[in-house]
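Participant: Structure for the following, please:
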Amino acid sequence: MRIDVTLAAAAARLSESGSESPRLDAELLLGEVMGRDRTWFYTWGDRDLESEAGAEGVARFEALLARRAEGHPVAHLLGRREFYGLMLRCSPATLIPRPDTEVMVECALELAEAPEGTLLDLGTGTGAIALAFARHRPQWQVLGVDLIEEAVQLARDNAEHLAIPNVEFRRSDWFSAVPETGFALVTANPPYLADDDPHLALGDVRFEPRSALVARQQGLADFLHLIEAAPRHLAAGGHLMLEHGLAQGKEVREALRAGGFLEVETLEDLGGRERITLGRIG
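Facilitator: This next block holds a predicted model:
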């Protein structure tokens, strides 16, 4: 069968199974099997699939396609996901880095005006925020922490693979193993879904660790803890930045102000929805 016909059929199958990006998914999976980038398919789509990929390649593509049709995230099937220009290794032990979180990195870089400083990334997962920031601020020292040891090791592997030296990762339940103080920036993407949130049954979220998604008090518990504890680790004038759900901006702003933070503001994500709220400690 021709490659372009195969991709069209695969995209139709994934669309029926609920994928929000069926053609992209199909191209990424076939590209993985064939060792080709997506642009190659648009040039050579009239070629025969088995001639190019071999019988084993066709079988592997069918297996990947079947798993994607079941809902397994492409990032898990490929074992990687691009974030802020970095190709990060992924696993089911962590959240999959999402484009909307790049807003956090952009804001952190804008706030990092000093030639040197320190940033703490809480719940670092793959290390996405910490590594993206560290790559663009090589004179800064970055610490990323996560409760899950497998996530910590994954972040360390990403740092080594990307050759980013100015970042350290360690296991910590939020601030519990962080004796350091004086951070200029603290970033966090904590669990923020309520236990009965319908999004837990949708899309990639179904295959991500529940501990990284769900928080008590209707998703607000970890925000409240971080807002209370962060001032003890921030330098004067330092910022706390929190990623939250679309309907939580107001509550997070109120909690930051009640916690003594100044200049509280909320930033929108790529879709124009409230996503990142930050404040400065006096």
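
Participant: Give me the contact list for stretch 216-235.
Facilitator: 120, 122, 174-175, 178, 180-184, 186, 188, 190-195, 197, 215, 240, 242, 244-245, 248, 251-252, 255-256, 259-261, 281 (Cβ atoms under 8 Å, 6 or more residues apart in numbering). Every residue, glycine included, has its C-beta placed from N, CA and C.

Participant: Buried subset of the residues you listed, written for ChimeraX?
Facilitator: The buried residues among the contacts of stretch 216-235 can be selected in ChimeraX (16 or more other Cβ atoms under 10 Å) with this line:
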select :120,122,174,175,178,183,184,186,188,190,191,192,193,194,197,215,240,242,244,245,248,251,252,255,256,259,261,281
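
Participant: Go ahead and flag the most central residue of the protein.
Facilitator: Pro97 (1.9 Å; Cα atoms, centre = their mean).

Participant: and it, what element?
Facilitator: Using DSSP states H and E, Pro97 sits in no helix or strand.

Participant: Any idea what the residue lying closest to Arg170 once chain neighbours are set aside is bridged to?
Facilitator: Closest residue in space to Arg170, ignoring its immediate chain neighbours: Val145 at 5.6 Å, by Cβ to Cβ, 6 or more residues apart in numbering. On the basis of DSSP bridges, Val145 is bridged to Leu122, Arg170.

Participant: distance of Val145 from Arg137?
Facilitator: Val145 is 18 Å from Arg137, where distance means Cβ to Cβ, to the nearest Å.

Participant: Just want to know which of these two has more residues nearby.
Facilitator: Val145 (25 against 20; other Cβ atoms under 10 Å).

Participant: hang on, isn't Arg23 packed against Leu7?
Facilitator: Yes. At 7.1 Å, Arg23 counts as touching Leu7 under the criterion of Cβ atoms under 8 Å.
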